[in-house]
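[1] My questions are about this predicted structure, shown below with the sequence.
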Amino acid sequence: MKPSLTSVYFRKPIVAVILSLIFGVDGFLAQQLSEYQVKAAYLYNFGKFVQWPSGAGAGNQVFICVLGQDPFGPILDAVLAGERIQGKGVVPRRIAKAQEALDCGILFISSSEERRLSDVLNTIEHVAVLTVSDIPGFSRRGGMIQFVLEGKRVRFEVNLASAQNAGLTVSSELLKVAVMVRR
Amino acid sequence: MIVSGAALLLAGAAFLVYDLVTFRETMASSLSIQAEIIGSGSVSALEFDDTRSAKATLSALKASPSILSAAIYTSDHRSFADYTRDPEHRMPLPPEIPAGKTEVQSFQDEHLILGKAIPFQGKTAGFIYIESDLTELNDRLTHYAGIVAGILVVSLLAALLISSLSKRAISTPVIHLAEMVRVVSREKNYSLRATAINSRSELAELIDAFNEMLSQIQERDGALEKARDELEHRVAERTAELAAVNKELEAFSYSVSHDLRAPLRHIDGFSLILAQKYGPALDAPAQQYLKRIRDGARHMGQLVDDLLGMAQIGRQEVVRKSVDLHALVKDAVRDLQSEWDGRRIEWKIGALPVLSCDPNLMKIAIVNLLSNAVKYTRKCEDAVIEADHFQQAGQTVIFIRDNGAGFEQEYAHKLFGVFQRLHRSEDFEGTGVGLATVQRIIQKHGGRIWAEGKVDEGAVFFFTLGAHDRQSGRDSLR
């Protein structure tokens, strides 16, 4: 039951039960799921609603890459361990340059790259990589999915045009839950 | 009517049950499809923890008025989003989906709750539950029952109508025909006809065929009757002819016998005169010839007398009376005394019955039979003559037995012929008319006579008198 973000923490039922008893379910979720835990789960979930063109990516694996300073730390590895996207194993990868992202399936661009964002996006403009970031104005500037916060809730905007330009097909289901879709 | 009503009722009930089952199934499957659609539309909401989106998806169920509530649960069975048609309504606790299954249905009174897992990318993204109102089903069932009842009533009425029509068109003529067949076979009245009916049906054909058959039988009957009448007529004619011829013959033989007597008397009379007047003048051979002429004339006279007697018996009517045969036999023995004077004969006369017969004719018959017995025992030292009776096949058989000369059994049938003799005249004199006369008498009574015998050991004559032998009222039924 890993795909949903809560299930990650319920993998060991006893732990979940004890935590629930201590905090109550809602309190537990609100206090324990940090912003980047949710974002890590969403990063993986996006992959389930995106169709890559044939021949894209890296064979039997889907790389979920983090460019720049890694805000997730071990959380990402914990979330992705053993998961699969469209039958392919999911492997986390940290990269320093945009050029390394050419065989990534999903690319998270850290806010440390905000100044170089245009260069990064240019580098991978026609490559079938789903770009995700929480840099403000990311989707407006040609990024595909931008995390936004609605209060404490993590939501996202989608730039459909950018995704389509890169040859990606985004499921309408994903668009349904997006706070904004740029076409 | 009862059968067709029951059949209709059963059919209606079967339809009702069938419809109930299929409607439930249809309802469940349509609910399942709706759950699937809503479920798959809620996948992204579940994946991205977006309750609002899930609620929006659920609210599409407003289009189905029978859906009372719906809820989406996360894969770890946490309530995620819900929908109720009526804000007051609370969804009952959803049933648990059993392990290994992806769907569960629960019919509860007025509700059907369907639970379904939401599969996504080979995993379960969450669960969806939909509660549907069964009032539609119940309404439909009530409606349907009403229709069935209506159809039943209409069908029964139609059946009643058809049955009464068919009764007029089929049953009544068939019953009439059957009754007619019974009457015809009971009364053997083939002039009856079944009433024809005004239609071109098979029934009308049957009735026509039946009437035609009756006509043929009647025709055949008429022909048969005519043939029988003709036959009877012809038999009567022949009988009359035969009787006339017989009468003529009897008259002829009587007149012949009678007319023969006159010349005989001449021969006898003149030969007597010749013997008395000229006897002494004749030499011995002439006297001998004369004697033979006289003997012959006497014998012929006897023959003529016997024939006349027989002819008379033939013409005589049988007048039946109660006759004590025992007394009659005793009388006959006494009458015959002159024939056996000087001889020793042991008479054994049994307890002979009283018979219904003509006393005069019976006397002649008995005298003839006893006379025969006396005659043929002449050469016996110890003659025994027995007269008795026994019962055989319901008839009384009278018999007269002697231990005299007897006869050869193979010639027994010749005994009763006129002029037929089994012994030479030199041994036993006679004309050969006696037994013929006896047979005539017995036959006139409707009886039968037969004989058994053995040479030198004796003879037995048996006779019965047919159906009238016993006096009425005594053992007549045996």
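    That came through, no problem.
[2] which sections of chain A are below the confidence cut-off?
    Along chain A, segments meeting pLDDT under 70 span A:1-33, A:56-58.
[3] Could you pull out the helices in it for me?
    Secondary structure of chain A (DSSP state H): helices at A:5-9, A:13-23, A:25-32, A:35-46, A:74-80, A:117-123, A:160-165, A:172-177.
[4] cool, and chain B?
    So, for chain B - with DSSP H - the helices run B:2-41, B:43-47, B:51-59, B:135-166, B:172-187, B:202-278, B:284-315, B:325-335, B:337-340, B:359-376, B:434-444.
[5] now for the fourth one, which elements pack on it?
    To tie it back to what came earlier, the one meant is helix B:135-166. helix B:2-41 (3 or more C-beta pairs under 8 Å, 6 or more residues apart in numbering or on different chains; DSSP states H and E). Every C-beta, even on glycine, is put in place using the N, C-alpha and C of the backbone.
[6] The helix it packs on: which residues count as buried?
    B:8, B:12, B:19-20, B:23, B:27-28, B:31-32, B:34-35, B:38-41 (16 or more other C-beta atoms under 10 Å in any protein chain shown).
[7] Keep only those residues that also lie close to chain A.
    B:Ser40, B:Gly41 (C-beta under 8 Å from any C-beta of the partner chain).
[8] Please determine how far the residue lying closest to A:Gln37 once chain neighbours are set aside is located from A:Val177.
    Nearest residue to A:Gln37, sequence neighbours excluded (C-beta to C-beta, 6 or more residues apart in numbering or on different chains): A:Ile75, at 5.4 Å. With the distance defined as C-beta to C-beta, to the nearest Å, A:Ile75 ends up 22 Å from A:Val177.
[9] Look at the two and report which has more neighbours.
    Between A:Ile75 and A:Val177, counting by other C-beta atoms under 10 Å in any protein chain shown, A:Val177 is the more crowded of the two (24 against 18).
[10] Surely the more buried one and B:Phe48 touch.
    Yes. Shown here, A:Val177 and B:Phe48 form a contact pair, counting by C-beta atoms under 8 Å, at 4.7 Å.
[11] Quickly note the distance from the most centrally placed residue in chain A to B:Leu274.
    Chain A has A:Leu43 as the residue nearest its centroid, 1.7 Å off, counting by C-alpha atoms, centre = their mean. Per C-beta to C-beta, A:Leu43 is found 187 Å from B:Leu274.
[12] per-domain residue ranges of chain B.
    Using automatic domain parsing, the domains assigned to chain B come out as B:2-141, B:319-477.
[13] what about the first one, start to end distance?
    This means domain B:2-141. 26 Å (C-alpha to C-alpha, to the nearest Å).
[14] Off-centre distance for that domain?
    Centre-to-centre, domain B:2-141 and its host chain are 77 Å apart (C-alpha atoms, centre = their mean, to the nearest Å).
[15] and if you look at the longest one?
    Between the mean C-alpha location of domain B:319-477 and the chain-wide mean there is a distance of 47 Å, by C-alpha atoms, centre = their mean.
[16] what pLDDT, on average, does it get?
    Averaging pLDDT along domain B:319-477 gives 83.
[17] what do you get for stretch B:269-280?
    87.
[18] List the buried residues in that stretch.
    Judged by neighbour count (16+ other C-beta under 10 Å), stretch B:269-280 contains these buried residues: B:Ser271, B:Ala275.
[19] neighbouring contacts of it?
    B:Gln287, B:Leu290, B:Lys291, B:Ile293, B:Arg294, B:Ala297 (C-beta atoms under 8 Å, 6 or more residues apart in numbering or on different chains).
[20] Could you report the neighbour count for the residue in the stretch 101-250 of chain B that chain A sits nearest to?
    Going by C-beta to the nearest C-beta, chain A is nearest to B:Gln121 of the stretch 101-250 of chain B, at 5.3 Å. For B:Gln121, the count of nearby residues is 16 (other C-beta under 10 Å).
[21] ditto for the one 10 residues further on
    Summarising burial for B:Glu131: neighbours were counted as other C-beta under 10 Å, giving 25.
[22] was I right about it contacting B:Ala70?
    Yes. Assessed by C-beta under 8 Å, B:Glu131 is found in contact with B:Ala70 at 6.8 Å.
[23] Which neighbours do these two have in common?
    Counting by C-beta under 8 Å, 6+ apart, the residues touching both B:Glu131 and B:Ala70 are B:Met91.
[24] For B:Phe390, which non-adjacent residue is spatially closest?
    That would be B:Val397: by C-beta to C-beta, 6+ apart, it lies 5.5 Å from B:Phe390.
[25] List the residues that contact that neighbour.
    Applying C-beta under 8 Å, 6+ apart, the residues near B:Val397 are B:His389, B:Phe390, B:Gln391, B:Phe462, B:Phe463, B:Thr464.
[26] Drop anything exposed from these.
    Buried among these by 16+ other C-beta under 10 Å: B:His389, B:Phe462, B:Phe463, B:Thr464.
[27] Spell out which residues of the stretch 51-200 of chain B are next to chain A.
    Going by C-beta under 8 Å from any C-beta, the residues of the stretch 51-200 of chain B near chain A are B:Ser53, B:Thr57, B:Thr74, B:Ser75, B:Asp76, B:Arg78, B:Phe120, B:Gln121, B:Lys123, B:Thr124, B:Ala125, B:Gly126.
[28] Next, give me the two most distant ones among the contacts of B:Val397.
    Across the contacts of B:Val397, no pair lies farther apart than B:Gln391 and B:Phe463, at 14.1 Å, counting by C-beta to C-beta.
[29] tell me, how many neighbours does B:Leu58 end up with?
    There are 25 residues near B:Leu58, going by other C-beta under 10 Å.
[30] Could you give the bridge partners of the residue nearest to it when sequence neighbours are not counted?
    Distances taken as C-beta to C-beta, 6+ apart place B:Tyr83 nearest to B:Leu58, at 3.8 Å, with adjacent residues excluded. In this structure, B:Tyr83 bridges to B:Ala70 when assessed by DSSP bridges.
[31] Please report how far B:Tyr83 lies from B:Pro98.
    Distance from B:Tyr83 to B:Pro98, by C-beta to C-beta: 25 Å.
[32] Between these two, tell me which one has more neighbours.
    Set side by side, B:Tyr83 and B:Pro98 show more neighbours around B:Tyr83, with 23 against 10, by other C-beta under 10 Å.
[33] Just give me the neighbour total for B:Asp388.
    15.
[34] pretty sure it is touching B:Gly350, no?
    Yes. In this structure B:Asp388 lies within contact range of B:Gly350 using C-beta under 8 Å: 3.2 Å.
[35] JSON lines for the residues of the stretch 51-200 of chain B next to chain A, including distance to B:Lys330 and pLDDT?
    Output for these, formatted as JSON lines (distance: C-beta to C-beta, whole Å; pLDDT from 0 to 100):
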{"residue": "B:Ser53", "distance to B:Lys330": "149", "pLDDT": "87"}
{"residue": "B:Thr57", "distance to B:Lys330": "143", "pLDDT": "88"}
{"residue": "B:Thr74", "distance to B:Lys330": "143", "pLDDT": "89"}
{"residue": "B:Ser75", "distance to B:Lys330": "141", "pLDDT": "86"}
{"residue": "B:Asp76", "distance to B:Lys330": "143", "pLDDT": "84"}
{"residue": "B:Arg78", "distance to B:Lys330": "144", "pLDDT": "85"}
{"residue": "B:Phe120", "distance to B:Lys330": "142", "pLDDT": "87"}
{"residue": "B:Gln121", "distance to B:Lys330": "143", "pLDDT": "82"}
{"residue": "B:Lys123", "distance to B:Lys330": "141", "pLDDT": "84"}
{"residue": "B:Thr124", "distance to B:Lys330": "138", "pLDDT": "87"}
{"residue": "B:Ala125", "distance to B:Lys330": "142", "pLDDT": "88"}
{"residue": "B:Gly126", "distance to B:Lys330": "140", "pLDDT": "90"}
